[in-house]
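Trainee: what shape does this take:
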Amino acid sequence: MNSSVQTIPLTSLMIAFIPVLAVVGVIFAWSLNTKYTLYAIARMLGQLLLVGYFLTAIFETDNSVIIIAILAIMVFSSSWIALGTVKVQRKKLYAYALCSIALGGLVSLLFVTQGVLQLTPWYSPQYIVPLAGMIFASSMNSVSLAAERIYAEMERGVLYQEAKKIALQASLIPVVNSLLAVGLVSIPGMMTGQILSDVSPLIAARYQIMVMCMVFGAAGISAACFLVLVGLVEDR
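Mentor: Sure thing, here's the model as predicted:
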């Protein structure tokens, strides 16, 4: 195997946008929100280009305060984004989302970095930052689905206790599907990257198992915590 990852020329990278443009064309033809889709694509490009430059500097840092600040930004940002599906009481629910994502995400991050990887120092940026990104993204998505579903169910007249169960199950659908499909339908990003870097597939599989466990744990804990906190408000 080639021990180096192929560098993608910008001209070749443009080919990846052909399917994207096709989807945008369908969205436009069906009179859907094309502007929002284009905004999301443009934002993705800007964010990834910026993060590429920032990560180069971050990975060279030896300052735990900087890493803590980055984790805080991830938690605060993901908590607000998670409530994008909730148009009512978004600011009020933000505190619940923040607590839930922080709890679920940081617990999973702690177990992985200090229990599994046993990082020294604990704030090793080349590990902490990418792993935290995956964990908080998983928590964010599960809270977002839980928030949308529980309020949709209660608006239909479903009692909180039953709506909570439905919402938790719905919030875990994406991550459970990924557990079922991994290795059979898809080879996830971390495993693919390691294999392309000439890491043994058996070692890459161990890392991927770690990743799947941490994202499932973070998603489940965050969603359950959020739904419990919502219940405290509903019972008042």
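Trainee: how long is stretch 108-116 end to end?
Mentor: In stretch 108-116, first residue to last residue: 11 Å (CA to CA, to the nearest Å).
Trainee: now do the buried residues in it.
Mentor: Within stretch 108-116, the residues that qualify as buried are 108-109, 111-113, counting by 16 or more other CB atoms under 10 Å. In short, each C-beta sits where N, CA and C put it, glycine included.
Trainee: quick one: which of the residues you listed is nearest A218?
Mentor: Nearest to A218 among the buried residues of stretch 108-116, counting by CB to CB, is S108 at 4.1 Å.
Trainee: any figure for the gap between the closest residue to the closest one other than its chain neighbours and A132?
Mentor: Leaving out its chain neighbours, the residue that sits closest to S108 by CB to CB, 6 or more residues apart in numbering is A218, at 4.1 Å. According to CB to CB, to the nearest Å, A218 stands 10 Å off from A132.
Trainee: now the common contact residues for these two.
Mentor: Counting by CB atoms under 8 Å, 6 or more residues apart in numbering, the contacts common to A218 and A132 are 105, 109.
Trainee: before we move on, back to that, tell me who's in contact with the residue nearest to S108.
Mentor: If a contact means CB under 8 Å, 6+ apart, then A218 has 104-105, 107-109, 135-136, 138-139, 142 as its contacts.
Trainee: the residue nearest the centre of the chain is in what secondary structure piece?
Mentor: Centroid-nearest residue in the chain: A137, 1.6 Å away (criterion: CA atoms, centre = their mean). With elements taken from DSSP states H and E, the one containing A137 is helix 125-155.
Trainee: list the buried residues of that helix.
Mentor: By neighbour count on 16+ other CB under 10 Å, the buried set for helix 125-155 is 125, 128-129, 131-132, 134-154.
Trainee: tell me the helix or strand right after the lowest-mean-pLDDT helix or strand in the chain.
Mentor: Of all helical and strand segments in the chain, the minimum by mean pLDDT, DSSP states H and E falls on helix 189-196, at a mean of 70. Downstream of helix 189-196, the next assigned helix or strand under DSSP H and E is helix 201-234.
Trainee: would you convert the contacts of A218 into TSV that also reports pLDDT and distance to A205?
Mentor: Listed next are these as TSV, based on pLDDT from 0 to 100; distance: CB to CB, whole Å:
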residue	pLDDT	distance to A205
G104	94	25
G105	94	24
V107	94	24
S108	94	19
L109	94	21
I135	94	19
F136	95	24
S138	93	19
S139	95	24
S142	96	24
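Trainee: now the residues you listed as CSV including distance to L232?
Mentor: Formatted as CSV, these follow (distance: CB to CB, whole Å):
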residue, distance to L232
G104, 17
G105, 21
V107, 20
S108, 23
L109, 26
I135, 25
F136, 23
S138, 24
S139, 19
S142, 19
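Trainee: which other residues reach the strand or helix carrying L48?
Mentor: If you go by DSSP H and E, L48 is part of helix 34-58. Here helix 34-58 makes contact (CB under 8 Å, 6+ apart) with 20, 23-24, 27-28, 66-67, 70, 125, 129.
Trainee: next helix or strand past it?
Mentor: As assigned by DSSP H and E, the chain's next helix or strand after helix 34-58 is helix 64-82.
Trainee: show me what that following helix is packed up against.
Mentor: Contacts defined by 3 or more CB pairs under 8 Å, 6 or more residues apart in numbering; DSSP states H and E place helix 64-82 against helix 34-58, helix 90-110, helix 125-155.
Trainee: could I get those as CSV with distance to S78?
Mentor: Shown next, in CSV, are these (distance: least, CB to CB, whole Å):
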stretch, distance to S78
helix 34-58, 13
helix 90-110, 6
helix 125-155, 4
